[in-house]
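Peer 1: Everything below, folded, please.
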Amino acid sequence: MAWPPLVDPAPALSREEVARYARHLLIPEVGLLGQRRLKAARVLVVGAGGLGSPALLYLAAAGVGTIGVVDDDVVETSNLQRQVVHGVGDVGRAKTASAADTLAEVNPLVTVVRHDLRLDSGNALELIGGYDLVLDGTDNFATRYLVNDACVLLGKPHVWGSIYRFDGQVSIWWAEHGPCYRCVFPEPPPPGMVPSCAEGGVLGVLCAAIGSVQTTETIKLLTGVGEPLVGRLMVHDALRQSWDTLTVRKDPDCAVCGTSPTVTELVDYQVFCGVAEGGAAVPTVTATELAAALAGAGAGPRSTAPVTLVDVRGPDERAIASIPGAVPIHLDQLRSGEGLSRVPFDHAVVVHCKSGARSAEAVRILLDAGHPDVRSLDGGVLAWVRDVDPSQPVY
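Peer 2: Numbering: from 1, shown residues only. Predicted coordinates:
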């Protein structure tokens, strides 16, 4: 089924543009008119990370006239395995600055607009309102629901992708023509239940596979060619090298796009996803305090009592960096309750993970089970490596 193009065409292409986009112009479905639509288009890419990197590169190469990039993060060495818009010399730089410089080398004829900020309920409507569509490369549920709700309220299409280890998903959420993200995923999973790529890992090249599909769908919407992934969810398994397509439908009872919506304005999505529920603070200890406590120097929790250190990460993470003497009890074992018997309840316990999120959940579980003295290592094993044992690698 033919879809109308999302944007009106720009004025005639210059000689330089004709030469640059010649291979597009030879495609009957694109041609001069389609390329002029790409030139007139304004696309907002949320996240200059794993998915945003290939999308940004190919949007620029394709000649999308204005590309906005939203990110408040800086480039880290661990990003380079998959975030191909950045290089070694960009480590420590703002991701938006690195991306803008790279895209200028790819295609100086397009305009890149940097948005060095974290998208939130206070700025999303104004920011997204200035673009024709959003390509969502985010890696957390709070921002995904925020982007979806803002796009529904503004009537914008939302090209979404998700990756984890060897698996990826892609769809277009567009409430005017099909389901929105909430129609298919009405509630976020409990905090910590779905590991992030930083916790569970991701095959670097998977980002290219999913990000390129997102870019293809974006170009199809802008130019009005082909059948876009509205009402369909593509699921990719890189281990099987398979692509499956699932039909997804609009939910008439959807909270944001249904017949009687209850979400009529943007909310606090950190609270909605349980990330900031009730403040949810847990007792913590710093890496240097823990080191002193383990050495018997009288610092840290219950300095006069023994300290047991519990590592809630998996074996692959522990093999990269670890704290000597830690007892391995996976977070899932604490969630199920089967690991509780392995935690001593008669003296102080410090729980750690990579950076502190999973250990905080573990501490809440132990506190609910009645543990009298349990704390989370603030900053996790990364803080330990930084402040106590810099001989170990970070990841």
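Peer 1: now the strands: where do they sit in the stretch 1-150 of the chain?
Peer 2: 42-46, 66-70, 111-115, 133-136 (DSSP state E, counting those that start in this stretch).
Peer 1: And the residue nearest the centre of the chain, how far from Gly226?
Peer 2: Closest residue to the average C-alpha location of the chain: Asp139 at 1.0 Å, with Cα atoms, centre = their mean. Note on Asp139: its distance to Gly226, by Cβ to Cβ, to the nearest Å, is 28 Å. C-beta here means a position set from N, CA and C on the backbone, and glycine is covered the same way.
Peer 1: thinking again about what came up before, output the strands of the stretch 1-150 of the chain as JSON lines; include the columns distance to Thr218, mean neighbour count and mean pLDDT.
Peer 2: Below are the strands of the stretch 1-150 of the chain laid out as JSON lines (distance: least, Cβ to Cβ, whole Å; neighbours: other Cβ atoms under 10 Å; pLDDT from 0 to 100):
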{"stretch": "strand 42-46", "distance to Thr218": "6", "mean neighbour count": "25", "mean pLDDT": "98"}
{"stretch": "strand 66-70", "distance to Thr218": "10", "mean neighbour count": "24", "mean pLDDT": "98"}
{"stretch": "strand 111-115", "distance to Thr218": "16", "mean neighbour count": "17", "mean pLDDT": "98"}
{"stretch": "strand 133-136", "distance to Thr218": "6", "mean neighbour count": "27", "mean pLDDT": "98"}
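Peer 1: now those strands as JSON lines including distance to Ala99?
Peer 2: Listed next are the strands of the stretch 1-150 of the chain as JSON lines, based on distance: least, Cβ to Cβ, whole Å:
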{"stretch": "strand 42-46", "distance to Ala99": "9"}
{"stretch": "strand 66-70", "distance to Ala99": "5"}
{"stretch": "strand 111-115", "distance to Ala99": "7"}
{"stretch": "strand 133-136", "distance to Ala99": "13"}
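Peer 1: Which one of the ones you listed lies nearest to Pro189?
Peer 2: Ranking the strands of the stretch 1-150 of the chain by distance to Pro189, with Cβ to Cβ as the measure, places strand 133-136 first at 17.5 Å.
Peer 1: tell me how far the closest one is from the chain's mean position?
Peer 2: Relative to its chain's centre, strand 133-136 lies at 13 Å (Cα atoms, centre = their mean, to the nearest Å).
Peer 1: again with stretch 362-371
Peer 2: Worked out by Cα atoms, centre = their mean, stretch 362-371 lies 29 Å from the chain centre.
Peer 1: Could I get the average pLDDT for that stretch?
Peer 2: Here stretch 362-371 scores 95 as its mean pLDDT.
Peer 1: Identify all contacting residues around that stretch.
Peer 2: 280, 282-283, 310, 312, 331, 334-335, 340, 343, 345, 349, 351, 353, 374-376 (Cβ atoms under 8 Å, 6 or more residues apart in numbering).
Peer 1: re the thing from before, surely the residue nearest to the centre of the chain touches Val194?
Peer 2: No: between Asp139 and Val194 there is no contact under Cβ atoms under 8 Å: 10.7 Å.
Peer 1: Out of the contacts of stretch 362-371, list just those in strands.
Peer 2: If you go by DSSP state E, these have 310, 349, 351, 374-376 in strands.
Peer 1: quick one: which of the residues you listed has the most company?
Peer 2: Among these, the one with the most neighbours (other Cβ atoms under 10 Å) is Val351, at 32 neighbours.
Peer 1: Identify each buried residue in the helix or strand of the chain with the lowest mean pLDDT, please.
Peer 2: Taking mean pLDDT, DSSP states H and E as the measure, the chain has helix 197-200 as its least confident helix or strand, at a mean of 80. Of all the residues in helix 197-200, those buried under the rule 16 or more other Cβ atoms under 10 Å are 197, 199.
Peer 1: What is that helix packed up against?
Peer 2: strand 158-164 (3 or more Cβ pairs under 8 Å, 6 or more residues apart in numbering; DSSP states H and E).
Peer 1: which helices and strands sit right next to the helix or strand following the strand it packs on?
Peer 2: Per DSSP states H and E, strand 158-164 leads on to strand 167-173 as the next helix or strand towards the C-terminus. Counting contacts by 3+ Cβ pairs under 8 Å, 6+ apart, strand 167-173 is packed against strand 158-164, helix 181-184, helix 204-223, strand 232-237.
Peer 1: what sits up against strand 167-173?
Peer 2: So strand 167-173 is contacted by 148, 151, 157-163, 178-181, 183-184, 206, 209-210, 213-214, 217, 221, 228-230, 232-238, 248 (Cβ under 8 Å, 6+ apart).
Peer 1: Now do it against helix 204-223, angle only.
Peer 2: Strand 167-173 and helix 204-223 are oriented at 10 degrees to each other (axes from the mean of the first three to the mean of the last three Cα atoms, to 10 degrees).
Peer 1: quick one: average pLDDT of strand 167-173?
Peer 2: Rounded mean pLDDT across strand 167-173 is 98.
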